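J.: What shape does this take:
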Amino acid sequence: MGIRKNKKGFEMSFSMIFSLIAGAVILFLAIYATMRFIDVGKESTYAEAAKSIDNYLGNLVTGIAEGVSTKISFRKETRVMFSCYLPDNANNPFGKQTIGFSEESGIRETWYNSTTKITRKNKYIFANNTEQGKKIFIFIKPFYMGFKVDDLIIMSSSTYCFVRGGTPDPSRIIEDLENLQMENVKVVDNINECGKGNITVCFGDGCDINVYSDSYSSQGYDEYETGYVQKGSDLFNYAGNLLYGAIFSSKNIYDCNLARLGEKTATLSELYLGKISQVESKGCDSRIETELYSLSQGFGETTIVDQYQTAKGMDEYNSLANCKIYPGETYGNI
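T.: Now for the predicted structure:
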């Protein structure tokens, strides 16, 4: 039995094949161009957003205030990424930080990885490597080494629960935090009141973050003026308002900014050393040359407490002198 052939088979002309291929290519290019346009648009948006954050921070300084707090709100779930770089040459004597920005997206991927970063060489931002949320909370505290070195900018999107009580008494720190009126910080009497989803902070053992003091009022210091903060296996030595940087910052960001502040402390100390000869020519005795020379050596994480103690002693001498070398913490923030 022979096989019958179907003589009604479908045939495509060359022009039809060409039209289909060309149409597919055009569609692909149109989709690609659209996505590229979206990407470029995002980059521009994120650059503007990062710059807005940067400019916003630039307008926040403590001035004569002991602390300033505020927040930034976003329309969508947002990531702000921080990096910190150590001083490396004469053109970058105090190191730098970068701020990146990303927004939750429903196109192609959950998060768009922006390559846009804003660089700041004159800011000291303490935060986790990535802060994520619809709100970023900010507060600023001045940092002194006798003289004012700079402002510490603390940024966080997480919620923190501080537990009262401890040895020594942390009431000074608790009162300080309450005065800032931060929405993401609450204070409780018992850790059981913190609830889920909050990062707990104790002045002693038992929390996610534990703060320890090695300074007491009997020594002439405020409680928790120096000490260390423990987060898991990470230890953060602190002095003065660096306590807040230690609580709210990643370890690498904290260490980097500590080194950067050490370089600025050293530079300012050298400038004040040069001023001593000016006041001595007027018959004044500064009495702080030895301390300024020590501070001009900078400090690392392991020596910050020792250098802070040097600065405290220097500040006492300077505040009593007839010719003051610098305006100190106890008589005006300039």
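
J.: got the buried residues for the helix or strand where residue 84 lies?
T.: Following DSSP states H and E, one finds residue 84 within strand 68-85. Burial within strand 68-85, assessed by neighbour count using 16 or more other C-beta atoms under 10 Å, is assigned to 68, 69, 72, 74, 78, 79, 80, 81, 82, 84. (C-beta placed from N, C-alpha, C; glycine too.)

J.: what packs against that strand?
T.: helix 14-58, strand 96-103, strand 130-145, helix 251-280 (3 or more C-beta pairs under 8 Å, 6 or more residues apart in numbering; DSSP states H and E).

J.: Can you add pLDDT and give the buried residues of strand 68-85 back as JSON lines?
T.: Written out in JSON lines, the entries for the buried residues of strand 68-85 read as follows (pLDDT from 0 to 100):
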{"residue": "68", "pLDDT": "80"}
{"residue": "69", "pLDDT": "84"}
{"residue": "72", "pLDDT": "84"}
{"residue": "74", "pLDDT": "80"}
{"residue": "78", "pLDDT": "83"}
{"residue": "79", "pLDDT": "86"}
{"residue": "80", "pLDDT": "88"}
{"residue": "81", "pLDDT": "89"}
{"residue": "82", "pLDDT": "93"}
{"residue": "84", "pLDDT": "96"}
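
J.: Which one of those is nearest to residue 156?
T.: residue 80 (10.3 Å; C-beta to C-beta).

J.: Isn't that closest one up against residue 98?
T.: No. Taking C-beta atoms under 8 Å as the contact criterion, residue 80 and residue 98 are not neighbours in contact, 10.9 Å apart.

J.: What does the pLDDT read for the residue nearest in space to the middle of the chain?
T.: Geometric centre of the chain, nearest residue: residue 126, 2.2 Å, by C-alpha atoms, centre = their mean. pLDDT, the model's per-residue confidence, is 97 for residue 126.

J.: Tell me who's in contact with it.
T.: 152, 153, 154, 155, 244, 245, 248, 249, 253, 254, 257 (C-beta atoms under 8 Å, 6 or more residues apart in numbering).

J.: Next up, the contacts around the fifth one.
T.: What that stands for is residue 244. Residues in contact with residue 244, defined by C-beta under 8 Å, 6+ apart, are 126, 139, 141, 152, 154.
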